[in-house]
Each structure stands twice: as C-alpha cells, then as structure tokens.
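Chemist: got a predicted structure here, sequence first:
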Amino acid sequence: MNRTDVSWHGYWPAAPTPFTADGAVDEQGLRELMELYVANGVHGVLVNGSTGEWFAQSADERRSVAEIAIDAVDGRTTVVIGVSAFTGAEAGELARHAEASGADGVLATVPPYAHTSPAESLEFYRRLTAASALPFMVYNWPRGVAVDLAATPGLMSDLADLEQVVAIKDSTGDWLRMLDTFEATADRVRVFGSLVHRRGLALMLGGIGGDGAIDGGGVGAPYGVPFFEAVEAGDHDLAAFWLEKYRAISGRLINPDYSGIYASPIPQLKAAMQLLDQPGGHVREPLLPLTDPEALAAIRGILTDGGLLVPEAAGQAVL
C-alpha cells in the first residue's frame, strides 16, 4: 500500500470520547458528536486517539466506542480508529476489531512509557501493521510517549516503507523536524501535521507536501475545513483568509508543543465544547475538569473573538 490507496486528506477532528458526569461512556453524546462532524463537512474522523482518552478506557469500552462511531458516521466520511496501547498484543487485537467493525484505517503511537529505540520502534510497527489488512497511520507523538520518531534520521522513511503504512501523523512539536518528514515521505504516504498557518500554506502550495491536519476536538472545523478545501483548489488568498480565522482560536488555546494554555489540553477542549454547546462530555480520571472561572472566561472570550460564539448570546455556537 501507499498514499494512492487512500484518499485521506484535509481537516480531521481527533474526537473526544464523551463521558457522563459519573464517568460512563455517553453513547448518545458520541453519536451526536459524529453527526456534528459530518454536518461540518470534515474530511475524516480519528476515534480513540489521545484526545479520545483511550488511556482511561477499558479494552471493551474502546471496542464499543469504535463500533458506535463507525455506525454513527455510516460511511459519510473516513473513520480511523486509534489502537495505541501499552503492549503490541493489545494494539493488534484492537486493530483486528477495528477491521471487523468496518473502520477505514487504524493509527497508533509506539507504546507509552517504554521509550523504544529506533530499531524497537520500527519492529513494533512492522508487527502491528501486519495485525490487520487495514491501511495504517503512524502517529509520532513525543509529548505522549517521550519518543520523537522524527528525531532519528531515516526512521520516518523506513516506517513509510512498511507494507500497510499509507499515512503519518507527525505531531513532533519541532516544525523543522516535521518538514523533514514531509520531504522524506510525502511521495509515498499521506502526511498530516501542523499546517494551518502561513508556513504550512507555503509548504503545501509550494509542492513540498502535506495532506491535512488532525485537530484535537474539531472546535476549529468551521475554519479548518474551508482552509484545506481552498488549498486543494489552489486559492492562496482564500486559504490565507481561513487560516487567520483558525489561528485566532487555536493560537490562543494551544502552545507549539501541543500543551494547553489554560489547562491540560483535553479538559480545556471539553470546556470549550461545553461553551459551544457541543457534545464533548466530561473528562475521566486521571484528568480533572476545568472549573476555574477566570480560565473559562478567557476561553469564552477567545471563542467570541474568533466568531464561534455570538457576544450577545454567548453559549450559542455559530456552526
């Protein structure tokens, strides 16, 4: 397989998993969230990734969340299931379940906490990508696993050569390393990364590479979706218009290393979604909800300034 075997591109939300106040998976909320994404015209959805709090779910819950999301989307956009786990065996089981459930692909980091060497990382992906017949997206997430795959010369290229790998999500936090990934692999695999800014626009329109961005939660979908569609149409001016709207929100909520400005990223995201009356639900332990009034007021101000909340009716989303 290679990049031509899938059409993965554009703006994807990494879906949060909605939990109820008492910690249960909120099936209805998850279905409503998928409907929101489809209505916003997203080009794909990642389920059970880092934003989906996979680390706080049992294996049975993860399988259920995947099944519900796939059923709710019902083929209207691409659904890729995150199968990151602490062991290769569990990740492989989740990949096989995703295939049986009708997913379009799977994604995984290297195992958290293990601090795999380059050789171990490559062998891990070699085995995991063979666990199912699904197209595979390698996820470089040093903030979450303390391993930056992009830091080892040649490793991303070796990963792109694996039979089932069709895409890379490079969230290195080091933009120049991400650029190296694009240059080394974009001829063979789809590459998703930090692209919704002027440097990313130049990268894509300049022909170096770049297929899309996977954005935690999808709050920026009203701007991210048309940004990538303008890029695809080659309309530099329109793309620049949309990216400035997107950056007015994202740039004030997320640091370059993907940490949150007002709280850890997922509680901050779910607080923003609650302000927008979106079905993000509650967080689950070990995360704590964002309740600080000053932080919530600041987030409300950012969403209002960014045009997602109407000032005279804050709490009502413009979507």
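Modeler: Yep, it's here. Everything quoted here is computed from the prediction, not taken from an experiment. Residues are numbered from 1 along each chain as shown.
Chemist: what comes up buried for stretch 268-277?
Modeler: 268-276 (16 or more other C-beta atoms under 10 Å). Placement of C-beta: from N, CA and C, glycine included.
Chemist: doesn't residue 86 lie inside a helix?
Modeler: No: with DSSP: H, G, I helix; E, B strand; the rest coil as the criterion, residue 86 is assigned coil and is not in a helix.
Chemist: so it sits against residue 113, correct?
Modeler: Yes: look at residue 86 against residue 113 with C-beta atoms under 8 Å: they come within range, at 7.0 Å.
Chemist: next up, phi/psi of residue 107, please.
Modeler: phi -140, psi 150 (degrees, to the nearest 10).
Chemist: look up which residues are beta-bridged to it.
Modeler: In this structure, residue 107 has the following beta-bridge partners (DSSP bridges): residue 82, residue 137.
Chemist: count of residues packed around it?
Modeler: The local packing of residue 107 (other C-beta atoms under 10 Å) involves 29 other residues.
Chemist: what's the distance between it and residue 304?
Modeler: Noted for residue 107: a distance of 33 Å to residue 304, by C-beta to C-beta, to the nearest Å.
Chemist: circling back to that earlier point, reformat the buried residues of stretch 268-277 as a markdown table; add secondary structure.
Modeler: A markdown table is the format used below for those (three-state DSSP):
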| residue | secondary structure |
| --- | --- |
| 268 | helix |
| 269 | helix |
| 270 | helix |
| 271 | helix |
| 272 | helix |
| 273 | helix |
| 274 | helix |
| 275 | helix |
| 276 | coil |
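Chemist: from those, pick the one nearest residue 190.
Modeler: Proximity of the buried residues of stretch 268-277 to residue 190 (C-beta to C-beta) peaks at residue 269, which lies at 24.4 Å.
Chemist: show me what contacts the closest one?
Modeler: Neighbour list for residue 269: 16, 51, 216-217, 219, 260, 280 [criterion: C-beta atoms under 8 Å, 6 or more residues apart in numbering].
Chemist: repeat that for residue 38.
Modeler: Residue 38 makes contacts with 73, 76-77, as judged by C-beta under 8 Å, 6+ apart.
Chemist: now with 10 Å?
Modeler: If you count contacts by C-beta atoms under 10 Å, 6 or more residues apart in numbering, residue 38 has them with 45, 72-74, 76-77.
Chemist: where along this structure do the helices fall?
Modeler: Along the chain, the segments classed as helices by DSSP state H run 27-39, 59-73, 88-101, 118-129, 142-145, 155-160, 175-185, 198-205, 221-232, 236-250, 265-275, 293-305.
Chemist: what's the closest of those helices to residue 20?
Modeler: The closest of these to residue 20 is helix 27-39. By C-beta to C-beta, the value is 7.9 Å.
Chemist: now that closest one and helix 265-275, what's the angle there?
Modeler: Calculated by axes from the mean of the first three to the mean of the last three C-alpha atoms, to 10 degrees, helix 27-39 forms an angle of 80 degrees with helix 265-275.
Chemist: low-confidence ranges, the stretch 101-250 of the chain, go.
Modeler: Counting by pLDDT under 70, the stretch 101-250 of the chain contains no low-confidence segment.
Chemist: between residue 86 and residue 113, which is the more surrounded one?
Modeler: Neighbours around residue 86 and residue 113, counted as other C-beta under 10 Å, are more numerous at residue 86. The numbers are 12 against 8.
Chemist: so for that one, what's the pLDDT?
Modeler: According to the model's per-residue confidence, residue 86 sits at a pLDDT of 96.
Chemist: burial measure for the nearest residue to it once chain neighbours are set aside, as a count.
Modeler: Setting aside the residues directly before and after it, residue 86 is nearest to residue 111 in space (C-beta to C-beta, 6 or more residues apart in numbering), at 5.3 Å. Counted by other C-beta under 10 Å, the residues lying close to residue 111 total 21.
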